[in-house]
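Peer 1: sequence first, predicted model second:
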Amino acid sequence: MDRWLKSNQGIGVGLTFFFTALLLYTQLTPWANTKLRDGFTLGFFPVVSIILLIIFSLVLCIDSRRKQVSDRLENLTLKYFMSTVLAVFYCWVYFKSMIAVGFLVTTPPFLLFSMYILGLKSWRSLVAASILITVIVYATFSIMGIELPPVKLPRI
């Protein structure tokens, strides 16, 4: 069973379930069904993309290499898999907190922690890089006219 989960077919089945759940979630959100001036819905392109991903995932289940296990997945352990799940969860928390608190407040700590986990250990470099990257990204988006979530200070 463990070998099947690491095969193209096992991954294809897992991805198919994941993308089907994502499609269902997208269809149940109000923004996806909002009509635009041109007649399309706001969720048209995300939904089409998810449907294509489901099709590609199903192809993994039935193609001629469906029983093949990638060399990289041969040594996959639950620890590595869970660290990936935690990283995705951490990005989700960052996204939600950025909307709630603001880009300029949440991004430096997110970058600082992420760079530390990835191996940068000099605190001076961590602080400088996280602030510099935040300023560069904020300036770039401002120049392009794209607003990032503003700082929202709590009312006392």
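Peer 2: Thanks, I have it. Numbering: from 1, shown residues only.

Peer 1: and the longest helix for the chain?
Peer 2: Secondary structure of the chain read by DSSP state H shows that its longest helix is helix 78-101.

Peer 1: please identify the buried residues of the helix or strand that that helix is followed by?
Peer 2: With elements assigned by DSSP states H and E, the helix or strand that comes after helix 78-101 is helix 103-117. If you call a residue buried by 16 or more other CB atoms under 10 Å, then helix 103-117 has these buried ones: 103-108, 110-112, 114-115. Quick note: C-beta positions are derived from backbone N, CA and C, even for glycine.

Peer 1: which strands and helices sit next to the longest helix of the chain?
Peer 2: Counting contacts by 3 or more CB pairs under 8 Å, 6 or more residues apart in numbering; DSSP states H and E, helix 78-101 is packed against helix 103-117.

Peer 1: pull the residues that contact the helix it packs on.
Peer 2: Around helix 103-117, the neighbours that count as contacts under CB atoms under 8 Å, 6 or more residues apart in numbering are 90, 94, 97-98, 126-127, 129-131, 133-134, 137-138, 148-151.

Peer 1: so among those, which ones count as buried?
Peer 2: By 16+ other CB under 10 Å, these give 94, 97-98, 126, 129-130, 134, 149 as buried.
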